[in-house]
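K.L.:
Build me a model from this:
(chains A, B, C and D)
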There are 2 protein chains.
Amino acid sequence: MATTPKTRGPRGPYAKTRATKQKILDAALLVFAESGFRSGSLREVAERVGLSDAGLLHHYPTKAALLIATLQHRDDVATRDFHVDTADGRSLIQNMIDITERNMNQPGVVELYCTLSAEATTPDHPAHGYFIERYDWVRDLVTGAFKQLQAEGGLRDGIEPRSTAIHLVSLMDGLQVQWLLNRDSVDMTVEVKRYLDTLVIEPFRAPDRLA
Amino acid sequence: MATTPKTRGPRGPYAKTRATKQKILDAALLVFAESGFRSGSLREVAERVGLSDAGLLHHYPTKAALLIATLQHRDDVATRDFHVDTADGRSLIQNMIDITERNMNQPGVVELYCTLSAEATTPDHPAHGYFIERYDWVRDLVTGAFKQLQAEGGLRDGIEPRSTAIHLVSLMDGLQVQWLLNRDSVDMTVEVKRYLDTLVIEPFRAPDRLA
DNA sequence: GTCTATAAGCGGATAGAC
DNA sequence: GTCTATCCGCTTATAGAC
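P.N.:
A predicted model of the protein is given here:
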C-alpha cells in the first residue's frame, strides 16, 4: 500500500522518481530537438540519463507519452518564468521581444519547437493536436493584444489585428529556421523589434539586459 | 561500350531510365514530404514506384543522393514554371504572391520544404548546405527587389530593404506551418498580400486567376 | 534494368528477475 | 525502480543472378 509508486513532490516521498523523471525530460528535450520524434530514439534518451531502455519505459510507458510529457514540461517552465499580464496588450507584445531574446539563449528549445511543429503537420503525429491547439491559442492571444493596442490608438492606420497577429507569429517561426541553420544569418531580436516598430506609433524598447 | 547506362534525354536512348527516374523522384517527393529524410524510407519510395529496394538503388546509389536529386528536381521544375525577371523589383515581389498562390495548390511541395528545412537545421543533415545556400540566395534576391522598389519611390518611409526581405521570407515560411497544420486556420495568399500592402505605396494585385 | 538473397544494425516494446 | 533477455519488425546497402 505505502509502496504505491506515485510521485508526490520534490520533498515528499518518492523524491527519487521525481528527480529521475526530471533528468529524463531534460534528455528527451535534447534528443527530440535534435532528431525530432520519429528519428529520435528512446535508446539515446535512456543512454543520456544512464538508464536502460526498460528503465526509462518504467517512467513513461511509450515513446509518445514521453514526447507529450516533454512538451508539457516545457510549457510549465515557460509559463512559470514568464508570467504575462494578458490583460495589458502593450506589455504582451513587449513580451514577444523578451521571449525572442530568451530563445536566442536556449537554441535547444527553439530547435525542439521548430523540428516538432514541422514534423507534426502530418495528422497522425502524436503532437499534431498539441500544435493545432497551441497555434489557435497564440493567435487569439496576440490578436487580443493588438486589438487593445489599437483601441488605445497605439497602432498605425490600416493595421488589422487578426492578420497582424498571424504575421507576427509566422515571422517569429520563420526567423527561427533561418537562425538555426546559421546563427549569423539573422538576429531574431533585432528583426522582431524592427517589425513591431513598423506597426506601432510609440516604438518598442529592446529588452533591458541590465534590469 | 555502347551499352553504357547513361541517360540521354526523353526521346533519346535509355528513355526507360528517364521515365523511371521521373517516377522515383515523384514518389520520393511525397515520402520525404510526409516523413522527412530520416524517417522516410527507401522501401516506401520503391513500393510506390513498383520497384524493389535494390532496383531503386540502381538509379540512386544512396538515400542521401536520392534526397539531393529530389530537391534539385523541384528547383528545376520551379525555375522552369516561373521565369522571374530578377531585374524588375516590383514584378519579383509580385511573384512572391503568385508563388504563394501556387503553393496552396500543391501542399506536397510545401510539406517537403517545411519538413526538410526544419530537419536540416542540424549540421550533419545531408541537405544542411542546400538550405543554407538557398536562404542566402533568396534573402539576397528579395533584398535587391526591395532596394529597387525603394529607389523608385515605391516603398513607405522607414522600410529597410534587407530586414524587410528577411521578414517576408520568414513570414511565408511561418505561414506554411500553420497552414499545413490546419488549412482553415490561415489563407496564405491573403496574408502575404496584406503584409506587402503595409510596405508598399501602390497596392499589389492578387494573382489574376483568369489570366 | 531489375530481381532475390543476405548482411548487419537499430527501433520500440514486453516479461520477468532482482 | 531498474535490470537482463528477448521478440520482432524495419532500416540501408551489397553481391550476384537473370
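
K.L.:
what about stretch A:90-102, near chain B?
P.N.:
No. Legend: contact between stretch A:90-102 and chain B by CB under 8 Å from any CB of the partner chain is lacking; minimum distance shown is 11.9 Å. All C-beta spots, glycine's among them, are computed from the backbone N, C-alpha and C.

K.L.:
can you list the residues that contact that stretch?
P.N.:
The contact list for stretch A:90-102, computed with CB atoms under 8 Å, 6 or more residues apart in numbering or on different chains, reads A:81-82, A:84-86, A:141-142, A:145-146, A:148-149, A:152, A:154, A:168, A:172, A:175, A:188-189, A:192-193, A:196, A:200, A:204-207.

K.L.:
Which members of the residues you listed come out as buried by neighbour count?
P.N.:
A:84, A:142, A:145-146, A:148-149, A:154, A:168, A:172, A:175, A:188-189, A:192-193, A:196, A:200, A:204, A:207 (16 or more other CB atoms under 10 Å in any protein chain shown).

K.L.:
Just confirm residue A:22 is within a helix.
P.N.:
Yes. Counting by DSSP: H, G, I helix; E, B strand; the rest coil, residue A:22 is part of a helix.

K.L.:
Tell me, how many residues neighbour it?
P.N.:
13 (other CB atoms under 10 Å in any protein chain shown).

K.L.:
Residue A:125 now?
P.N.:
For residue A:125, using other CB under 10 Å, the count is 21.

K.L.:
quick one, phi psi at it?
P.N.:
Main-chain torsions, residue A:125, degrees, to the nearest 10: phi -70, psi 140.

K.L.:
And it, how far from residue B:64?
P.N.:
24 Å (CB to CB, to the nearest Å).

K.L.:
Please name the residues that touch residue A:198.
P.N.:
Residue A:198 touches A:156, B:158, B:159, B:198, counting by CB under 8 Å, 6+ apart.

K.L.:
Quick one: classify residue A:203 as helix, strand or coil.
P.N.:
Secondary structure assignment for residue A:203 (three-state DSSP): coil.

K.L.:
Chain neighbours aside, what residue packs nearest to it?
P.N.:
residue A:197 (4.9 Å; CB to CB, 6 or more residues apart in numbering or on different chains).

K.L.:
surely that neighbour meets residue A:205?
P.N.:
No. Residue A:197 lies out of contact with residue A:205 (CB atoms under 8 Å); the separation is 10.5 Å.

K.L.:
Could you tell me the per-residue confidence at residue A:80?
P.N.:
Per-residue confidence (pLDDT) for residue A:80: 89.

K.L.:
And it, its phi and psi?
P.N.:
The phi/psi pair for residue A:80 (degrees, to the nearest 10) is phi -70, psi -40.

K.L.:
Any idea how many residues pack against it?
P.N.:
The local packing of residue A:80 (other CB under 10 Å) involves 8 other residues.

K.L.:
same question, residue A:38
P.N.:
18.

K.L.:
Would you convert the contacts of residue A:198 into TSV that also reports distance to DNA strand D and pLDDT?
P.N.:
Below are the contacts of residue A:198 laid out as TSV (distance: CB to the nearest atom of the strand, whole Å; pLDDT from 0 to 100):
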residue	distance to DNA strand D	pLDDT
A:156	51	95
B:158	50	93
B:159	46	96
B:198	44	96
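
K.L.:
ok, of the residues you listed, which one's closest to DNA strand C?
P.N.:
Nearest to DNA strand C among the contacts of residue A:198 is residue B:198, at 44.9 Å by CB to the nearest atom of the strand.

K.L.:
hang on, isn't residue A:39 packed against residue B:40?
P.N.:
No. Taking contacts as CB under 8 Å, residue A:39 lies outside contact range of residue B:40: 10.0 Å.

K.L.:
And stretch A:51-59, what's buried?
P.N.:
A:51, A:56, A:57, A:59.

K.L.:
Can you tell me the SS state at the first one?
P.N.:
Spelled out, it's residue A:51. Following three-state DSSP, the label given to residue A:51 is coil.

K.L.:
List the residues that contact it.
P.N.:
Residue A:51 makes contacts with A:20, A:24, as judged by CB under 8 Å, 6+ apart.

K.L.:
thought residue A:32 was touching residue A:39?
P.N.:
No. The pair residue A:32 / residue A:39 is not scored as a contact, 9.4 Å apart, by CB under 8 Å.

K.L.:
more neighbours, the two?
P.N.:
residue A:32 (27 against 18).

K.L.:
excluding its backbone neighbours, what's nearest that one?
P.N.:
Nearest to residue A:32 is residue A:40, by CB to CB, 6+ apart, at 4.8 Å.

K.L.:
which regions of chain A sit below the pLDDT cut-off?
P.N.:
A:1-13, A:206-211 (pLDDT under 70).
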